[in-house]
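K.L.:
Attaching a predicted model along with its sequence, questions to come.
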Amino acid sequence: MIEYSGQPHYLVAVDCIVFGFDGEHLKVLLVKRGLEPEINKWSLIGGFVGPDETPDDAANRVLKKNTGLTGIYLEQLQIYGEPTRDPIERTLSVGYFALIDINKYQTQINDDFHAEWFLINERPKLIFDHDTMIADARKKLRYKAALHPILFEMLPKKFTIPQLHILFEEVNDTKIDTRNFSRKITSTGLLEKLEEKDRLGSKKGAFYFKLDKKKYHANFQKFLNLLPNEKS
């Protein structure tokens with residue numbers, strides 16, 4: 001095999017930040033690392049890129065291997081290349097973030113693969129630069145949520161306005177006025193109201209909605225005014 005003469009060679013890895021929503025809280029999926037260094041310490045889901053793989057291929061492979069997840073929302077975040085980030089060998093890591101509805105995959109992830117969900121703000125200390133990756137991914141998620149309907153990847157197909165409200169608060173880590181949010185979200189015309197109600201929270205119940213994806217793609221700018229301007 002021909003190589004570039006005199007040039008150093010590095011390892012390339014992928015690390016996946018899997019965000020999930022259980023209807024009340026934003027969480028992140030973690031596993032215990034299975035090799036040295038930092039064996040048995042909490043880590044993001046990751047692995048090395050194979051010689052015949054693209055980073056996207058590797059990210060999908062390690063997610064399936066460690067969680068069984070396939071066909072979920074997965075987006076490349078950025079590359080992490082601090083020379084000393086891995087104490088064993090120079091390793092570049094391509095970060096990805098994924099979004100899922102926890103209730104849809106709860107049994108599969110916890111019972112079959114022993115990965116664990118943690119509240120985003122109450123997670124244990126992670127290895128290497130994985131805490132930085134989570135912080136960066138959360139910032140990216142906030143930005144993307146203003147422009148695209150990606151948060152709906154974390155909700156069931158039918159959901160209530162209160163559920164959507166909680167999710168926006170969790171992602172933005174701030175309180176959002178309930179009445180203003182409800183008024184703004186319904187005024188976009190991007191949600192389709194269903195006849196069925198969720199009566200678990202109260203006797204009156206809350207109507208279920210679903211996202212009209214065709215209208216959304218034509219008028220995604222309408223979601224811009226849902227972002228909170230300040231914390232309260």
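P.N.:
It's in.
K.L.:
drop to CA atoms for contacts and neighbour counts, all remaining ones
P.N.:
Will do.
K.L.:
Identify all contacting residues around the host helix or strand of L30.
P.N.:
Element membership of L30 [criterion: DSSP states H and E] is strand 26-32. Residues outside strand 26-32 that contact it (C-alpha atoms under 8 Å, 6 or more residues apart in numbering): 17-21, 39-45, 114-120, 123, 167, 170-171.
K.L.:
Can you give the strand pairings for that strand, parallel or anti for each?
P.N.:
Here strand 26-32 is paired, per DSSP bridges, with strand 11-21 (antiparallel), strand 42-43 (antiparallel), strand 116-119 (antiparallel).
K.L.:
now, of those strands, which is deepest in the fold?
P.N.:
Neighbour counts (mean count of other C-alpha atoms under 10 Å) averaged over each of the strands paired with strand 26-32 peak at strand 11-21, with a mean of 24.
K.L.:
Not counting its own residues, what contacts that one?
P.N.:
With C-alpha under 8 Å, 6+ apart as the criterion, strand 11-21 contacts 26-29, 44-49, 55, 58-59, 63, 89-103, 133-134, 137, 154-155, 167.
K.L.:
can you give me the offset of it from its chain's centre?
P.N.:
9 Å (C-alpha atoms, centre = their mean, to the nearest Å).
K.L.:
And I185, what's its pLDDT?
P.N.:
Here, the pLDDT recorded for I185 equals 86.
K.L.:
Distance check, it against D198.
P.N.:
18 Å (C-alpha to C-alpha, to the nearest Å).
K.L.:
Out of the two, name the residue with the larger neighbour count.
P.N.:
I185 (19 against 15; other C-alpha atoms under 10 Å).
K.L.:
for the more buried one, helix, strand, or coil?
P.N.:
The local conformation at I185, judged by DSSP: H, G, I helix; E, B strand; the rest coil, is helix.
K.L.:
Filter the contacts of strand 11-21 down to just the buried residues.
P.N.:
By neighbour count, with 16 or more other C-alpha atoms under 10 Å, the contacts of strand 11-21 hold 26-29, 44-49, 55, 58-59, 63, 90-102, 133-134, 137, 154-155, 167 as buried.
K.L.:
Thanks a lot, catch you later.
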